[in-house]
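> sequence plus the predicted model coming up.
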Amino acid sequence: MADAETTDDVVGRVLGTEDATPLTFWVAVSEDAYLQLDDVVVTQRQVPGREPVTVSGVVTSVRARHEGAQFDSDVFAISDGHLPAQVQEAAEVTVTRVEPEVFVPPCPGDQVRRARGEERDSALYFDQMTRQVPLGFSRDGEPVFLNADFLDGTRGAHVSISGISGVATKTSFATWLLYSMLRSKALGPEAVNTKALIFNVKGEDLLLLDHDNTKLDDQLRESYARLGIEAGAFGSVTVLAPPRAGDKNGVPDVACRSTGVDAFYWTVAEFCEQRLLPFVFADADDERQQYTMVVHQVTAKLYREAKPKDDGGAVIDGQLVSSYGDLVDLLCDRLSDDETRGTWGGTAVGLGTVNAFIRRLISSTRDIGRLVRGDLPPRRAHGVGTDKDAQVTVVDLHNLPDRAQRFVVGVTLRAEFERKEKAGTARPLQFVVLDELNKYAPRDGTSPIKEILLDIAERGRSLGVILIGAQQTASEVERRIAANSAIRVVGRLDPAEAGRPEYGFLSSSQRQRALMAKPGTMFVAQPELPVPLVVNFPFPSWATRPAEAGAAPASALRSATQKVDPFDLAANDDDDDIPF
């Protein structure tokens, strides 16, 4: 029976008219078989005095031609039966594994089989992945896995996801990867304590992760089950949103949900104590300007002078400051006065430099004003961080202008990274999902946020901080961040972007295919495999928009301070609906 199955899997023989090397070879496809891109094949080479060498690989190119034709017009005569010729298909195979490692080329004429079962697992190194993270399905419908060792910092860390906005489904894949990591067996007991921080920068798509998707049916549940994961929503989620502009009560600026969401902000006292002023000037171009000297001088002065008040305000230089606008007015007054300018801005700084600082500071009032408050009554924790009991913290930024988004991202990442540094241990893991990475860590220039992201990319692995970054153009992201990403993922690409050297890990055919990749199709490169794998990841089992949101899980109705087991599936059985 086994021999019959092996015979059925034979798809052709090693081609003799093309060079076969230990790294690539061609297969002449039999008339009753076919090979398509991404198929996995295997052949054996008999080596004198050695055991047989098994050569496995992935199909990276397929062609068909008329054998016997000399001119282009011969195709018509051949089709009409007037000229003898036959159609022959051939497939190029890029070698992924050689066992044992005797690097000899396959022999022309040797049989080539479609790899299945253990042979497929061996060809793609799945048999060596002791901790597998499900990625989705290959083109032949078989599961594809990622080695968790290259994701959690054991042997590598960080993920870079690139593709066209709105088509490449970068955010969907990032959340799917996070869900798969938390719900699979890859992390084992560590999964319960693992935290995730997600910045939502577009719409309100990520604010309903704790709601089951109403499109979740038996077929989708079966797809998840084949990957070893139970379909459903994220079990333990906290949503944080900025206060509404002009609101005096700190009501979150969210439209899609009214429960399970809290407002975040910083008090004036915290702004001074935590030295947050540099993040108001977090644009990469700002660091090139001389007024940054004034920024650091004023930051140090505020740290020394501010005396906190119970309502979140502060007394600075004998004046009560209860809002960001008050703080801006105070600084403008002190820097404009000839007697106090040197004390606040530095004696070696010219008036033009001070005025440049004042202009930019005044322009920040509208953007930052609702985030730095001293007019709200004392209340529960209002900061942004993963020190809460929820496993996943979603920080909504989509209603904030660009400057305010930079401020929140920079301040939050610095606080989280410093918290992990003080802990001095890589466990529990801390995942950070950040879209538009090219905006926060551009290739040129420097900024406070870029320096933090570089720190995370270079030292985060040892501290258990894992960055899952997404961007439209990897060519515009700081090189060191991309270089430290062990996992690289590509969706649909723009033709000009696809030709950049940052995508050199893709084969020429894969670069061309990336120009027409459909939503849900990703090219995933991981260190163990010389060829990126094409993956179709399943449709999200959690709501991605209000129209898909089902019943509210119990976790969304509990107090933010009540601990919830993220794997308690009973928490999703609550029948109460979130009002929209």
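That came in fine, so what should we check first?

> shouldn't Ala474 be in contact with Val159?
No. Using CB atoms under 8 Å, Ala474 and Val159 do not qualify as a contacting pair, with a distance of 12.0 Å. Where you see a C-beta, it was placed from the backbone N, CA and C, and this is true even at glycine.

> how many neighbours does Thr353 have?
Residues contacting Thr353 under the criterion other CB atoms under 10 Å number 18.

> correct me if wrong: it contacts Thr292.
No. With contacts counted by CB under 8 Å, Thr353 stays clear of Thr292, the gap being 9.4 Å.

> in the strand or helix carrying Phe407, what's buried?
Per DSSP states H and E, Phe407 falls inside helix 402-423. Residues of helix 402-423 classed as buried under the neighbour-count rule (16 or more other CB atoms under 10 Å) are 403-417, 420.

> closest one of those to Met129?
In terms of CB to CB, no member of the buried residues of helix 402-423 lies closer to Met129 than Lys420, at 26.6 Å.

> in terms of helices and strands, where is the spatially closest residue to Cys332 that is not a sequence neighbour?
Excluding the flanking residues, the one nearest Cys332 by CB to CB, 6 or more residues apart in numbering is Ile358, at 5.4 Å. Here Ile358, judged by DSSP H and E, is contained in helix 351-363.

> by how many degrees do that helix and helix 402-423 diverge?
Angle of helix 351-363 versus helix 402-423, following axes from the mean of the first three to the mean of the last three CA atoms, to 10 degrees, is 90 degrees.

> circling back: got the contact list for the residue nearest to Cys332?
Contacts here follow CB atoms under 8 Å, 6 or more residues apart in numbering; on that basis Ile358 touches 331-332, 335-336.

> for the stretch 351-500 of the chain, which segments count as strands?
When secondary structure is read from DSSP state E, counting those that start in this stretch, the stretch 351-500 of the chain shows strands at 372-373, 392-396, 430-434, 465-471, 487-490.

> tell me the confidence at the residue most central in space within the chain?
Ranked by distance to the mean C-alpha position of the chain (CA atoms, centre = their mean), the top residue is Ile468 at 3.3 Å. pLDDT recorded at Ile468 is 95.

> ok, back up a step: what residues sit buried inside the helix holding Ile358?
Of the residues in helix 351-363, 353-354, 356-358, 360-361 count as buried by neighbour count, 16+ other CB under 10 Å.

> closest one of the contacts of Ile358 to Arg443?
For those, with Arg443 as the reference and CB to CB as the criterion, the closest is Leu331, at 32.6 Å.

> mind checking the SS state of the closest one?
On the three-state scheme (DSSP: H, G, I helix; E, B strand; the rest coil), Leu331 is labelled helix.

> for it, what are its contacts?
So Leu331 contacts 298, 344, 358, 361 (CB under 8 Å, 6+ apart).

> farthest pair within those?
When CB to CB is used, the two most widely separated members of the contacts of Leu331 are Trp344 and Leu361, lying 11.9 Å apart.

> ok so, going back, wait, which of the strands of the stretch 351-500 of the chain is closest to Thr214?
Set against Thr214 and scored by CB to CB, the strands of the stretch 351-500 of the chain come closest in strand 392-396, at 19.8 Å.

> between the closest one and helix 402-423, how many degrees?
Following the same axes, to 10 degrees, one obtains 150 degrees for the angle between strand 392-396 and helix 402-423.

> show me what strand 392-396 is packed against.
strand 195-200, strand 237-241 (3 or more CB pairs under 8 Å, 6 or more residues apart in numbering; DSSP states H and E).

> using PDB, write out every CA atom in it.
Listed in PDB are the C-alpha atoms of strand 392-396, where the atom choice follows Å, rounded to 0.1, in the frame of the first residue of the first chain:
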ATOM      1  CA  VAL A 392      -4.100  42.800  25.700                       C
ATOM      2  CA  THR A 393      -4.100  46.500  25.900                       C
ATOM      3  CA  VAL A 394      -5.300  48.500  22.800                       C
ATOM      4  CA  VAL A 395      -4.400  52.100  22.700                       C
ATOM      5  CA  ASP A 396      -6.600  54.100  20.300                       C
END
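
> which residues touch it?
The set of residues external to strand 392-396 that reach it, using CB under 8 Å, 6+ apart, is 178, 195-200, 204, 206-207, 209-210, 234, 236-242, 252-254, 264, 384-386, 408, 412, 566.

> quick check: buried residues in stretch 195-212?
Of all the residues in stretch 195-212, those buried under the rule 16+ other CB under 10 Å are 195-201, 204-212.

> ok, stretch 109-119 next?
110-116, 119.

> which parts of the host helix or strand of Trp344 are buried?
Applying DSSP H and E as the criterion places Trp344 in helix 341-345. Within helix 341-345, the residues that qualify as buried by neighbour count (16+ other CB under 10 Å) are 341, 344-345.

> what's the burial count for Gly383?
16.

> just checking, it touches Asp262?
No. Checked against CB under 8 Å, the pair Gly383 and Asp262 is beyond contact range at 10.3 Å.

> out of the buried residues of helix 351-363, flag the one nearest to Gly228.
Top of the list for closeness to Gly228, among the buried residues of helix 351-363 and by CB to CB, is Arg360 at 52.3 Å.

> in a strand, Val524, correct?
Yes. With three-state DSSP as the criterion, Val524 is located in a strand.

> and it, how close does it get to Ala514?
Using CB to CB, to the nearest Å, Val524 is found at 12 Å from Ala514.

> what do you get for Leu151?
Applying CB to CB, one obtains 22 Å for the distance of Leu151 from Ala514.

> separation between the nearest residue to His66 once chain neighbours are set aside and Ala69?
For His66, ignoring the flanking residues on the chain, the nearest one in space by CB to CB, 6+ apart is Ala85 at 4.6 Å. Using CB to CB, we find Ala85 at a distance of 5 Å from Ala69.

> so what's in contact with the two at the same time?
The contact sets of Ala85 and Ala69 overlap at Ile78 (CB under 8 Å, 6+ apart).

> if you count what's nearby, which of Val524 and Ala514 comes out ahead?
For Val524 and Ala514, the more surrounded residue by other CB under 10 Å is Ala514, and the numbers stand at 27 against 22.
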